[in-house]
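>>> predicted model and sequence follow; I will ask about them next.
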Amino acid sequence: MLERLFGLFSKKQFSSIESSALHLQKESISHPALTIIRKLKRSGWDAFIVGGAVRDLLLNVKPKDFDIVTNASPHEIKSLFRRSRIIGRRFRIVHVYIGNETIEVSTFRKPNVSSSLDSYGRILRDNVFGSIEDDVKRRDLTINSLYYDPVSERILDYHDGISDLQKREIVVIGKTKVRLIEDPLRIVRIIRIAAKLDLIIPLKLKNVMRSSGILLENIPKARLSDDLLKMFVSGKSLQGFNYILELGLDKHIFPNLDLFSSEKKKGHTNLKKDGFIYSALKNLDFTVNNNRTISISFIFAVLFWEKISRLKMSYVEQGFSDYVGMQRAISETIQVINQHFYFQRKHIAGVRELCLLQGRFNKFLGKSPFSLIRHARFYSAFKLLELRVKLNEVKIETVVWWGKFHKCTDSEKVHMINVMRGKTGQRRSYKKRRGKKLSTTKIEKL
């Protein structure tokens, strides 16, 4: 089958390389992906692992997922696999479920035609199926245009992607401006890949990305949010965020919010070293790279904290209490962000809780400290408290106290509270009991 396929190309159009020559180990391939490819090929179809999985394997990075392409149509794919379903509107793909894994299987596609584009040139529909020759022409990056057949153990390289990978350079296939207009999300994807794999974004490509940033305001909020979250949980969020600031994309991703202005170096476009967001992203990357659980709500709370904090202070100056001021600031900020960015409800609730919990770190008496450390979001709230030292909003002594309090024994906790009472002079406030009103009958008797 491969020999017949290769005969369609001239040697100038492609190269076929044995995967062993590139030290790609077949054992690194997901078993469900291998199962799907073997079944497709036994049924007479061509099938390849494509894109990021091949790229990552060649760089000795464990792929997050394995995407498969084939010349079978979505309905033909679905008929082969009982546990599968067709999804998507912009372009249809098939999710095949094997064990606990979900593998995306796509049909070869043709390059886009004008009738499938909107007035901005953005792709609206991408369901015109074609051959592998068509499919390779519509790939976005050379390093993502590698097709790997694990059965014959050969890699097809149509755009010198392996050479660019060895040079650790990102190269766009075709006219860069046109490819970014077709799908502006490629701007964020390039940043995410470059940060994750320590690849070089050439200056010429950076300039086009910078001038095309406004296109990000014209894509569905859910798609943009999804790709940004992938960047934040990649383990290289700090580098990725610095790229966003360097290229001035923050004003298009979060327009009209004036975020991160205090975080940028004077005269530069990257984050201040050891600043609030710099420290947060550095800690986030450390957490991800050590396979620890992270909180998406915490990421958003950090990104929007300075905006929320400024608004809260303005409400307090107007006479509102700290708690009410914080509630209003959170609601106002999220309302503006929701116009341009997609939030799941659970993440909004998480941001609200993390911000409101900050006020409880000022209460050291009674049951409040005990109930706070038992709160489900205490750890994330405490991490935000630590970061607020960078903004001079919290004293380091407060952070040290809570850090010790939530780890020590109950008797030590009681002692710490008594000591803190002596230092701060705080006293428990008791509610005055209302006297019982005498009934009319009792008054008459008196």
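Sure thing, it's come through.
>>> could you use CA atoms for every contact and neighbour count after this?
Fine.
>>> any chance you could list what contacts the helix or strand containing residue 350?
Mapping residue 350 onto the secondary structure by DSSP states H and E places it in helix 345-357. The set of residues external to helix 345-357 that reach it, using C-alpha atoms under 8 Å, 6 or more residues apart in numbering, is 296-298, 300-301, 305, 323, 326-327, 330, 334, 377, 380-381, 384.
>>> if we go to 10 Å?
Helix 345-357 is touched from outside by 295-302, 304-305, 308-309, 322-324, 326-327, 329-331, 334, 338, 343-344, 372, 375, 377-385, with contacts defined as C-alpha atoms under 10 Å, 6 or more residues apart in numbering.
>>> could you do stretch 211-222 as well?
120, 122, 177, 180-188, 206, 209, 224, 228, 244, 247-255, 338-344.
>>> per-domain residue ranges of the chain.
The chain breaks down into these domains under automatic domain parsing: 1-164, 296-424.
>>> mean pLDDT for those domains: which is lowest?
Here these differ in mean pLDDT, and the lowest is domain 1-164 at a mean of 83.
>>> re the thing from before, same list, the domains of the chain, but as CSV with mean neighbour count and distance to residue 196 please.
Formatted as CSV, those follow (neighbours: other C-alpha atoms under 10 Å; distance: least, C-alpha to C-alpha, whole Å):
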stretch, mean neighbour count, distance to residue 196
domain 1-164, 17, 10
domain 296-424, 16, 18
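>>> strands - which of the contacts of stretch 211-222 land there?
Among those, no member falls in strands (criterion: DSSP state E).
>>> quick check on those residues: which are buried?
The neighbour count (16 or more other C-alpha atoms under 10 Å) marks 122, 180-188, 206, 209, 224, 228, 244, 247-255, 340-341, 343 as buried among these.
>>> so how far is stretch 34-51 from its chain's centroid?
Using C-alpha atoms, centre = their mean, to the nearest Å, the mean C-alpha position of stretch 34-51 is found 30 Å from that of the whole chain.
>>> wait, I meant stretch 247-254
Here stretch 247-254 shows a centroid-to-chain-centroid distance of 16 Å under the convention C-alpha atoms, centre = their mean.
>>> I'd like the average pLDDT over that stretch.
For stretch 247-254, the per-residue pLDDT averages 87.
>>> also stretch 278-291?
90.
>>> may I see the buried residues of it?
278-285, 288.
>>> of those, which belong to helices?
Using DSSP state H, 278-285, 288 are the members of these that sit in helices.
>>> out of the residues you listed, which is nearest to residue 235?
Nearest to residue 235 among these is residue 285, at 4.3 Å by C-alpha to C-alpha.
>>> what is the burial count for the residue nearest to that closest one when sequence neighbours are not counted?
Excluding the flanking residues, the one nearest residue 285 by C-alpha to C-alpha, 6 or more residues apart in numbering is residue 235, at 4.3 Å. Other residues lying near residue 235 total 23 when counted by other C-alpha atoms under 10 Å.
>>> from residue 335, how far out is residue 398?
Relative to residue 335, residue 398 is positioned 32 Å away (C-alpha to C-alpha, to the nearest Å).
>>> sorry, back to before: so the residue nearest to residue 285, which state does it fall into?
Each residue gets one of three states, and residue 235 gets coil by DSSP: H, G, I helix; E, B strand; the rest coil.
>>> which stretches of the stretch 1-150 of the chain form helices?
Residue ranges of the helices in the stretch 1-150 of the chain, as given by DSSP state H, counting those that start in this stretch, are 2-6, 31-42, 52-58, 74-80, 132-137.
>>> against which helices or strands is the third one packed?
Read it as helix 52-58. Applying 3 or more C-alpha pairs under 10 Å, 6 or more residues apart in numbering; DSSP states H and E, one finds that helix 52-58 contacts strand 67-70, strand 146-149, helix 161-166, helix 185-197.
>>> circling back: in JSON lines, list the domains of the chain along with distance to residue 214.
Supplementary listing: these in JSON lines, determined by distance: least, C-alpha to C-alpha, whole Å:
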{"stretch": "domain 1-164", "distance to residue 214": "11"}
{"stretch": "domain 296-424", "distance to residue 214": "13"}
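>>> ok, which of those domains comes nearest residue 193?
Closest among the domains of the chain, using C-alpha to C-alpha: domain 1-164, at 9.0 Å.
>>> can you spell out which helices and strands pack onto the helix ranked longest in the chain?
In the chain, ranked by residue count with DSSP H as the criterion, the top helix is helix 296-317. Packed against helix 296-317 by the contact rule (3+ C-alpha pairs under 10 Å, 6+ apart) you find helix 221-232, helix 276-289, helix 322-337, helix 345-357, helix 378-388.
>>> and the next helix or strand after the last one, what other elements does it pack with?
If I follow you right, that is helix 378-388. Where DSSP H and E defines the elements, the next helix or strand beyond helix 378-388 is helix 396-405. Based on contacts counted as 3+ C-alpha pairs under 10 Å, 6+ apart, the elements that helix 396-405 packs against are helix 368-373, helix 378-388, helix 410-424.
>>> between these, which one is closest to residue 154.
Proximity to residue 154 (C-alpha to C-alpha) singles out helix 378-388 among the helices and strands packed on helix 396-405, at 46.6 Å.
>>> what's the angle between that closest one and helix 276-289?
Here helix 378-388 runs at an angle of 140 degrees relative to helix 276-289 (axes from the mean of the first three to the mean of the last three C-alpha atoms, to 10 degrees).
>>> helix 378-388 vs helix 345-357, what angle?
For helix 378-388 and helix 345-357, the angle between their directions (the same axes, to 10 degrees) works out to 60 degrees.
>>> got the CA positions of helix 378-388 in CSV?
Taking Å, rounded to 0.1, in the frame of the first residue of the first chain, the C-alpha atoms of helix 378-388 are listed here in CSV:
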residue,chain,number,x,y,z
PHE,A,378,-7.3,26.7,51.5
TYR,A,379,-4.1,25.5,49.8
SER,A,380,-4.8,27.6,46.6
ALA,A,381,-5.9,30.6,48.7
PHE,A,382,-2.7,30.3,50.8
LYS,A,383,-0.6,30.3,47.6
LEU,A,384,-2.3,33.4,46.5
LEU,A,385,-1.6,35.0,49.9
GLU,A,386,2.1,34.1,49.5
LEU,A,387,2.2,35.8,46.1
ARG,A,388,0.5,39.0,47.4
